Each structure stands twice: as structure tokens, then as C-alpha cells.
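*Asks:* here is my input; please provide its structure:
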Amino acid sequence: MQDLKPVLKKIEGNERFQRLLVGAPFTAGIKSGSVVLAPGESVGEHKTESREEVIVILEGRADVFVQGKPAFTADAQSMVYIPPETNHDIKNTGGDKLRYVYIVSKI
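*Replies:* Down below sits the predicted model:
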């Protein structure tokens, strides 16, 4: 395995998207980022291919749309798991900004 080192990175203010971890060669395969969405804004439907994803809602309220499942709401202090090869979207349905961190990992 490669010589990996611990990383401390500050999550910056209100940028729409901030990459936190970028994968190899800096990690063994994890990628991560911070997302800020205005009320009514969505990240857009996407699929993380062969990676599983965890979404941690830090602030605000989101409707989570997952392929083949009814939409559900996730509030601050919630965690959402998205299986590999699954289309999904996150939409800010609250009146304030939505902030979350996503983490994707190879299976």
C-alpha cells in the first residue's frame, strides 16, 4: 500500500462545491467534498458508478431522490447511504442554505 498521511482540511464557507479528498494517490480510494445549495437548488441526478456514497447533512433540509424508492427528507445531523450504481439527487427543500459533505469509496 502507498505511504498515506493524515490530512486536516477546513470546510470553507459558502462555496457551492469544495473538494476535500481527491482519491489516489492521496487516499486509498476515498473521495469527498462539501456542497452548499441555495433554497430550491438541486445537485442534479447522478450515479457514483461502482462507488458507494455517504451524505452527511450538516445544515438545512434536503429531499433525497433515490432510483426506485420514494423520495424522503433528511434534516441536519442526518446521514444518507447511497448504494453503488444508483441514480440519486439531493434538493434543498428548506428556506435556508443546505450544507452537506459527501464521501464516496470504492467497493
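
*Asks:* how about the closest residue in space to L21 that isn't next to it in sequence, secondary structure?
*Replies:* Of all residues not flanking L21 in the chain, S32 sits nearest, at 4.1 Å (Cβ to Cβ, 6 or more residues apart in numbering). Glycine gets a C-beta too; all of them are placed from N, C-alpha and C. With DSSP: H, G, I helix; E, B strand; the rest coil as the basis, S32 sits in strand.

*Asks:* how near is S32 to L8?
*Replies:* Here the criterion is Cβ to Cβ, to the nearest Å. By it, S32 lies 13 Å from L8.

*Asks:* neighbour count winner among those two?
*Replies:* Neighbours were counted for S32 and for L8 using other Cβ atoms under 10 Å; S32 has more, 20 against 4.

*Asks:* returning to what we had before: contact partners for the residue nearest to L21?
*Replies:* R19, L20, L21, V101, Y102, I103, V104 (Cβ atoms under 8 Å, 6 or more residues apart in numbering).

*Asks:* may I see the buried residues of the lowest-mean-pLDDT helix or strand in the chain?
*Replies:* When each helix and strand of the chain is scored by mean pLDDT, DSSP states H and E, strand 17-22 comes last, with a mean of 90. Neighbour-count burial for strand 17-22, counted by 16 or more other Cβ atoms under 10 Å, picks out Q18, L20, L21.

*Asks:* equivalent analysis for stretch 41-51, please.
*Replies:* Applying 16+ other Cβ under 10 Å to stretch 41-51 flags V43, T48, R51 as buried.

*Asks:* likewise stretch 69-84?
*Replies:* A74, A76, S78, V80, I82.

*Asks:* same question for stretch 3-11.
*Replies:* In stretch 3-11, counting by 16+ other Cβ under 10 Å, buried: nothing.
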